[in-house]
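> show me how the following folds:
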Amino acid sequence: MKPPFLNKRHWSSRALFKEIANSDWVNPGIDPKYEDFFLADLVSEYDAINLYHYLYPRRSEFSPYFVQYLDLWFLDEKNHADGFIELNRLIFNTDEETLLDNLKSRNSDFKPFEEILSNELSLLTVFAYDEYISVKTYKKDTFYNQFGHSGFDTWICNLIADEATHFANAIKLLRNNHSSCLELIEKNLTRIIQLESTPYRNTFLLDHDGPHFLLGNSDYAEAAASEILDILTRDK
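Below you'll find the model as predicted:
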């Protein structure tokens, strides 16, 4: 049987946290500083719904594979948001309904991103960039293995693997459908780097202006863009 062109991993955040909650796990007294940290991550993952709904009316403009990409990506991001809700509820007894009410009360503003979201090539470029940064960001979060249950580490490892899959799928589509457009991709990456200075507007995209994204290098955007171009031009 021929494997699908785009990859999708199958797992459940809620099932993993249910397993932790139903075990003999005892909260070891996790530092309260992580509450705001996890809330920031929840916002980032939850806001995929805003981007998905923004793009949904334009599905007829996109190739079938890119439509599939969006659907698979959105399912994963919803699963990740569910995980951060469960994480906050399990560790800090945060009320899910209150969390969701706060998330839904915010407005998104896509106006600064209209150009970069105007066509499939630009969209694939920004997805590749954003998911690549996410992989780097979550990989540095090694504190999950200190929370007293292996399920926490399993969860974040699954999340990282999903983000890496989103990146790999975007690269695959860029190579398959836009291999002759490297100059345009480079131009898009330059524009994305410029947009990194824009305050986060609840769009899912470029939510890198908080402490979570201090990757130890002030020019992380330029470095990531360069690495993505290297990957695109590398032998397949």
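
> what ranges does this protein have for its helices?
Here the chain has its helices, by DSSP state H, at 13-21, 33-46, 48-55, 64-92, 96-104, 120-139, 150-177, 182-195, 220-233.

> so which of those helices is nearest Asp207?
In terms of C-beta to C-beta, the element of the helices of the chain nearest to Asp207 is helix 33-46, at 4.7 Å. No exception for glycine: its C-beta is placed from N, CA and C like everyone else's.

> list of residues touching that closest one?
Contacts of helix 33-46 with the rest of the structure, by C-beta atoms under 8 Å, 6 or more residues apart in numbering, involve 77, 80-81, 83-85, 87-88, 91-92, 94, 99, 103, 143, 202, 204, 207, 210-212.

> low-confidence ranges in the protein?
1-2, 209-219, 235-236 (pLDDT under 70).

> picking up where we left off before, among the contacts of helix 33-46, the buried ones, what's the PyMOL command?
Buried members of the contacts of helix 33-46, defined by 16 or more other C-beta atoms under 10 Å, are picked up in PyMOL with:
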select buried, resi 77+80+81+83+84+85+87+88+91+94+99+103+202+204+207+212
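
> show me the contacts for the closest residue to Tyr200 other than its chain neighbours.
Spatially, and ignoring its direct neighbours in sequence, Tyr200 is nearest to Asp207 (4.8 Å; C-beta to C-beta, 6 or more residues apart in numbering). Asp207 makes contact with Val43, Ser44, Asp47, Tyr200, Phe213 under the criterion C-beta under 8 Å, 6+ apart.

> what's the most distant pair in those?
It's Asp47 and Phe213 that sit farthest apart of the contacts of Asp207, by C-beta to C-beta, at 14.8 Å.

> what about these two, which has more around it?
Just comparing Asp47 and Phe213: by other C-beta atoms under 10 Å the higher neighbour count belongs to Asp47, 22 against 18.

> touching, the more buried one and Phe204? I think so.
Yes - here Asp47 reaches Phe204: they are 4.2 Å apart, a contact under C-beta atoms under 8 Å.

> okay, stretch 174-188 in CSV with CA atoms only?
Presented in CSV, the C-alpha positions along stretch 174-188 are these (Å, rounded to 0.1, in the frame of the first residue of the first chain):
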residue,chain,number,x,y,z
LEU,A,174,7.7,23.5,-1.3
ARG,A,175,10.0,21.0,-3.0
ASN,A,176,7.2,19.2,-4.9
ASN,A,177,5.2,22.2,-6.1
HIS,A,178,7.6,25.2,-5.9
SER,A,179,11.1,23.9,-6.6
SER,A,180,11.7,26.6,-9.2
CYS,A,181,10.8,29.4,-6.8
LEU,A,182,13.7,29.5,-4.4
GLU,A,183,14.3,33.2,-5.0
LEU,A,184,10.7,34.0,-4.0
ILE,A,185,11.0,31.7,-1.0
GLU,A,186,14.1,33.6,0.1
LYS,A,187,12.2,36.9,-0.4
ASN,A,188,9.4,35.6,1.7
